[in-house]
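K.L.:
With the sequence up front, the predicted model follows.
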Amino acid sequence: FVHCFSVSLNIALCILQVSGFSWKNCGQLDDPAVLKTLSVSPDPISIPGDLTASASGSTSVELSAPLALNVTLEKEVAGFWVKVPCLEEVGSCHYQDACDILNQLIPPGQDCPEPLHTYGLPCRCPFKAGSYSLPQSDFYLPNVDLPYWLTNGNYRVQGVLGSQGKELGCLELTLSIHSD
Ligand SMILES: *[C@@H]1O[C@H](CO)[C@@H](O)[C@H](O)[C@H]1NC(C)=O
């Protein structure tokens, strides 16, 4: 399904478009961790391509390991939201410790990636209680190997963060994926 064209004899470039991005907090009113603002542009976003984003949020408690993360990914099929199962750690998965995943992506001791580093924002646990803000920043989204089941359509993804059986925060994202 992914639209690809060859740029040389053995290199193919595939472009994915993400449109209609929206977000909301989906937890209880008294959840300690909330996202306050999130804006991304352009619409549609091309992958690979450039993305501009800004965000702010806060947590009233320190977020430290182990941080349970439950992700629910749904796809709209004939007007209904259908849950996508967890396949190879992608989809509707339960992660025991999101801190551990961050440590694998950005090994401790290494600087946080830009633009987090410039703004002194943390990228690993613990995240101290307080407010965090990322001013408008540009990112380059590289070409990614997509799971084979990711086809054109509307998607909804919900992430619930918890610790010691208590919900800390809940974020829901909605977007459409398209590729010619
Ligand atoms: C994740 O799901 C499991 C199983 O339904 C549940 O026991 C756990 O409390 C959930 N954790 C969070 C953070 O929602």
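P.N.:
Noted; the coordinates are in hand.

K.L.:
Now do the strands in this structure.
P.N.:
3-8, 11-25, 33-41, 45-47, 49-59, 68-77, 80-84, 94-95, 130-141, 153-163, 166-178 (DSSP state E).

K.L.:
Indicate which one of those is closest to the ligand.
P.N.:
strand 153-163 (2.5 Å; Cβ to the nearest ligand atom). Where C-beta positions appear, they are placed from N, C-alpha and C, glycine not excepted.

K.L.:
what about P147, how many neighbours?
P.N.:
Neighbourhood size, P147 [other Cβ atoms under 10 Å]: 13.

K.L.:
what about the residue lying closest to it once chain neighbours are set aside, distance to S54?
P.N.:
Distances taken as Cβ to Cβ, 6 or more residues apart in numbering place V90 nearest to P147, at 5.4 Å, with adjacent residues excluded. For V90, the distance to S54 (Cβ to Cβ, to the nearest Å) stands at 27 Å.

K.L.:
picking up where we left off before, in TSV: the strands of the chain, plus mean neighbour count.
P.N.:
Formatted as TSV, the strands of the chain follow (neighbours: other Cβ atoms under 10 Å):
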stretch	mean neighbour count
strand 3-8	9
strand 11-25	15
strand 33-41	15
strand 45-47	17
strand 49-59	16
strand 68-77	17
strand 80-84	13
strand 94-95	14
strand 130-141	13
strand 153-163	17
strand 166-178	18
